[in-house]
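K.L.:
Task: produce atomic coordinates for the following.
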Amino acid sequence: MPVKWILHWQPNLGTTVSTQTLTEVCQCVESIHGSKDGRWKATLTYYKPMLRGQPGKYYFIIRSHRIILEAESSIQIIMEKIQSYKSRVSLNYEVEYLPISSLEKSKRILEDFVDISQEIITKKSLPGHFIPIEPNFGEYGLSDRYNSQHTAIQYAAAMAHLIASGRN
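P.N.:
The predicted structure is shown next:
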């Protein structure tokens with residue numbers, strides 16, 4: 001099995017992740033022949049329609065459950081203050097090395113790839129960088145030879161990182 005690394009987008013301290021930033025980061029990944037696999041999913045949408053008769057009307061839309069909830073106008077102030085819905089936005093992407101199955105041999109290639117990615121992101125002046133998710137596979141009794149269990153551990157680490165960032 002080829003080695004697969006998961007890279008997580010880490011915004012700079014004090015910045016929030018916007019749709020525009022995520023779009024530009026995705027364009028950077030695509031510029032080095034990265035591809036989007038599947039659909040981007042938005043689980044919660046915060047929406048204020050422009051209605052003449054009801055200018056203070058807000059909605060939450062949970063697409064996966066086909067639910068729409070009306071919210072009071074004070075929800076805008078609450079959401080802006082806590083910013084929690086923005087801090088849970090996450091962007092991860094996978095880098096796969098087809099001819100290599102050794103984690104140790106792939107680390108130098110990964111470091112070079114992260115450097116190239118960072119150069120592209122720096123040129124676009126984007127507020128953040130990609131960091132590899134590198135759990136200690138030895139703690140799970142896994143060898144240097146990559147297999148699907150390594151991928152599962154990386155995704156578990158990515159989810160733990162996402163949950164922790166949502167609490168901050």
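K.L.:
The strand or helix carrying residue 160 packs against which elements?
P.N.:
Here residue 160, judged by DSSP states H and E, is contained in helix 148-167. Judged by 3 or more C-beta pairs under 8 Å, 6 or more residues apart in numbering; DSSP states H and E, the packing partners of helix 148-167 are strand 3-11, helix 84-87. Quick note: C-beta positions are derived from backbone N, CA and C, even for glycine.
K.L.:
list the buried ones in that helix?
P.N.:
Within helix 148-167, the residues that qualify as buried by neighbour count (16 or more other C-beta atoms under 10 Å) are 150, 151, 153, 154, 157, 158, 161, 165.
K.L.:
Can I get these in TSV including distance to residue 119 and pLDDT?
P.N.:
Supplementary listing: the buried residues of helix 148-167 in TSV, determined by distance: C-beta to C-beta, whole Å; pLDDT from 0 to 100:
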residue	distance to residue 119	pLDDT
150	27	83
151	27	80
153	29	84
154	24	83
157	26	80
158	24	76
161	24	72
165	25	62
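K.L.:
need the residues you listed in a markdown table with distance to residue 12, can you?
P.N.:
What follows is the buried residues of helix 148-167, written out as a markdown table (distance: C-beta to C-beta, whole Å):
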| residue | distance to residue 12 |
| --- | --- |
| 150 | 29 |
| 151 | 28 |
| 153 | 27 |
| 154 | 23 |
| 157 | 21 |
| 158 | 19 |
| 161 | 16 |
| 165 | 13 |
